[in-house]
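Enquirer: Here is a sequence together with a model predicted from it:
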Amino acid sequence: QKEVEQNSGPLSVPEGAIASLNCTYSDRGSQSFFWYRQYSGKSPELIMFIYSNGDKEDGRFTAQLNKASQYVSLLIRDSQPSDSATYLCAVVFTGNQFYFGTGTSLTVIP
Amino acid sequence: EPEVTQTPSHQVTQMGQEVILRCVPISNHLYFYWYRQILGQKVEFLVSFYNNEISEKSEIFDDQFSVERPDGSNFTLKIRSTKLEDSAMYFCASSERSGRSSYEQYFGPGTRLTVT
């Protein structure tokens, strides 16, 4: 069974703090991992992708991947109210088929 | 910046009717996808399409559904004999190519389908 698990939240952080979002997945053979941001009523927007173990940084965002633990995370530094959204973890198990988690709702409090 | 577009933004139909949802993928992309998201639930994969044929489909994508690329720009999802449970947001996505380095999929704004 292919599963992608996320804490649904809500996660609340004060403005300027670091938000940490976590995701676990069921298939040890998975190779590709993605973080999408989804505002209410809108479509998913690609934020980060990571394919190798370790950290990948892009501006205020850092994706972390640990394939041995089947764990991927997203850190958002200097969180802003505009970062308030649902963050979706997506994993490719085989082929091109994305499996999404249910998402973590993040609220950044001014 | 190139983007995926979808029409209509909202479609209301009666149960049993057929609907066609339309998408224009990013122009240099070769792989196309349909997803759906029932209100309050996760985004679910329906089908992927490459080189004028389905490359993968999920259990959701049964005989009620079909996809087509009728010309060089449009990609359509047809739902025959709609059911109440087909009410959802339908997202089209595209990616430049497949393979480990280019799985990144870009989503359109979605079509909200309401079946009454």
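Expert: Cool, the structure landed. Quantities reported herein were computed from a predicted structural model and do not represent experimental measurements.
Enquirer: I figured B:Pro2 was touching B:Ser27, is that so?
Expert: Yes. Using CB atoms under 8 Å, B:Pro2 is in contact with B:Ser27, at 6.3 Å. C-beta coordinates here come from the backbone N, C-alpha and C atoms, glycine included.
Enquirer: Buried residues in the helix or strand harbouring A:Ser105, which are they?
Expert: Take DSSP states H and E as the rule and A:Ser105 turns out to sit in strand A:104-109. Under the neighbour-count criterion of 16 or more other CB atoms under 10 Å in any protein chain shown, strand A:104-109 has A:Thr104, A:Ser105, A:Leu106, A:Val108 buried.
Enquirer: Show me what the first one is bridged to.
Expert: This means A:Thr104. Beta bridges link A:Thr104 to A:Tyr87 when assigned by DSSP bridges.
Enquirer: Spatially nearest residue to A:Phe100, not counting backbone neighbours?
Expert: What sits nearest to A:Phe100 in space, not counting adjacent residues and going by CB to CB, 6 or more residues apart in numbering or on different chains, is B:Val43, at 4.2 Å.
Enquirer: Tally up the residues packed near the one you found, please.
Expert: Counted by other CB atoms under 10 Å in any protein chain shown, the residues lying close to B:Val43 total 24.
Enquirer: Go ahead and confirm it touches A:Pro44.
Expert: Yes. B:Val43 lies in contact with A:Pro44 (CB under 8 Å); the separation is 6.4 Å.
Enquirer: what packs against the helix or strand of chain A with the lowest mean pLDDT?
Expert: Of all helical and strand segments in chain A, the minimum by mean pLDDT, DSSP states H and E falls on strand A:98-100, at a mean of 91. Using 3 or more CB pairs under 8 Å, 6 or more residues apart in numbering or on different chains; DSSP states H and E, the elements in contact with strand A:98-100 are strand A:85-92, strand B:43-50.
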